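S.K.: After the sequence you'll find the predicted model.
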Amino acid sequence: MRNRLTNRGMWRKLVPFAGMWLALTAFGPAVQSAATAGHFNPPKHYYLALGDSLAFGAQLGKFFQEVSSGTYDPNSFNTGYVDDFAARMKSIEPRVETVNLSCPTETTSSFQSTCLFRALGFALHTNYGGSQETAALSFLRAHPGQVSPISIDLGFDDALLPCAGPTFLVDVACIHRTMPAALQSVAANLPEILAALHKASPSSEIVVMTYYNPFFVEDASTDALVSTLDNEIAGIAKAQDMRVAETFVPFNRTGDEATTLCTLTLMCPGLDYHASDDGYSAIATQFWTASGYARLGD
């Protein structure tokens, strides 16, 4: 089946960008709400947010309305899980400053090479040249002992990007074909990414997100695909003693699955697989639980 966002005239103007933007998603089930880590690093001066469109706080309707009216501003995307998680941290450490390097369209490969969204001329929450990884490592080295936590979501775009059409058509069946290669790229790239972040800042708590599956409302069999991806991501994170914030259960295993997805994502009726404001809040709750920071407020 296919997803379609309307207003084709506007899409034609953005054809070079459209295929990449469809990779703005990241979705799938995880294994645990919080990985048991052998260390605990409370919030420090800086919270570093890394990842793809979910870390950015993307919502396609808002994005295209701003692009079409010439008013695009990354600061207007301020209802994402990064914002909500940061707000919770401020309740225990009011001085926390958020540095959000996330790049819509990011895969585990592009994280190490070029932010395509920025290369296409769209501003980020925090602008930089080159790769998101280089920017992150440079920031960590410039602020030793001052950064915790680091949140990161990467992986599902590795499967979705090859399925993106020029006019915002997503071939959901295509994800069945691209997932094997995506699992290979995640297995090859994500361990290197996480290890580099830890090496650059050993005192940072790193919380890795797994994904929910919005495509269930079109193809129930995609739950198994996303579950496999999430197991891979969670296994990589736990192998490096990092915490895991999982989103599959609250999105896909709480109540009626389709009804919940229509509340926590923008799939119904807009077929935008990004989270709604309520959905981003639910993701933030998973990060908060995984971090263990609630104990600091007791």
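M.R.: Thanks, I have it. Residues are numbered from 1 along each chain as shown.
S.K.: Report the rounded mean pLDDT for stretch 47-56.
M.R.: Here stretch 47-56 scores 97 as its mean pLDDT.
S.K.: Output that stretch as CSV, nothing but the C-alphas.
M.R.: Extracted in CSV, the C-alpha atoms of stretch 47-56 (Å, rounded to 0.1, in the frame of the first residue of the first chain):
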residue,chain,number,x,y,z
TYR,A,47,21.9,17.9,27.0
LEU,A,48,23.0,16.8,23.5
ALA,A,49,20.3,15.5,21.2
LEU,A,50,21.2,13.5,18.1
GLY,A,51,19.2,11.7,15.5
ASP,A,52,16.8,12.1,12.7
SER,A,53,13.4,13.8,12.2
LEU,A,54,11.9,12.5,15.5
ALA,A,55,14.7,14.2,17.4
PHE,A,56,14.1,17.3,15.3
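S.K.: How far does that stretch sit from its chain's centre?
M.R.: Centre-to-centre, stretch 47-56 and its host chain are 6 Å apart (C-alpha atoms, centre = their mean, to the nearest Å).
S.K.: which element is residue 49 on?
M.R.: strand 46-51 (DSSP states H and E).
S.K.: next helix or strand past that strand?
M.R.: helix 53-56.
S.K.: packing partners for that following helix?
M.R.: helix 81-90, strand 147-153, strand 272-275 (3 or more C-beta pairs under 8 Å, 6 or more residues apart in numbering; DSSP states H and E). Placement of C-beta: from N, CA and C, glycine included.
S.K.: and the next element down the chain from it?
M.R.: Toward the C-terminal end, the helix or strand that comes next after helix 53-56 (DSSP H and E) is helix 60-69.
S.K.: in that next one, what counts as buried?
M.R.: Residues 60, 62-64 are the ones in helix 60-69 that count as buried (16 or more other C-beta atoms under 10 Å).
S.K.: Likewise for stretch 215-228?
M.R.: So for stretch 215-228, counting by 16+ other C-beta under 10 Å, buried means 215-218, 222-223, 225-228.
S.K.: what does stretch 44-60 give?
M.R.: Per 16+ other C-beta under 10 Å, stretch 44-60 contains these buried residues: 44, 46-60.
S.K.: Return the member of the residues you listed nearest to residue 138.
M.R.: residue 48 (11.3 Å; C-beta to C-beta).
S.K.: Residue 240: which of the buried residues of stretch 44-60 is nearest?
M.R.: residue 50 (15.0 Å).
S.K.: Make CSV out of the helices and strands packed on helix 53-56 and add mean neighbour count, mean pLDDT and distance to residue 126.
M.R.: Below are those laid out as CSV (neighbours: other C-beta atoms under 10 Å; pLDDT from 0 to 100; distance: least, C-beta to C-beta, whole Å):
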stretch, mean neighbour count, mean pLDDT, distance to residue 126
helix 81-90, 21, 97, 11
strand 147-153, 27, 98, 13
strand 272-275, 27, 91, 20
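S.K.: which helices and strands does whichever strand or helix holds residue 173 pack with?
M.R.: Residue 173 is part of helix 172-200 when elements are defined by DSSP H and E. Contacts defined by 3+ C-beta pairs under 8 Å, 6+ apart place helix 172-200 against helix 132-142, strand 147-153, helix 157-160, strand 206-209, helix 222-239.
S.K.: now the ones you listed in CSV, with distance to residue 284?
M.R.: CSV is the format used below for these (distance: least, C-beta to C-beta, whole Å):
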stretch, distance to residue 284
helix 132-142, 20
strand 147-153, 10
helix 157-160, 21
strand 206-209, 11
helix 222-239, 18
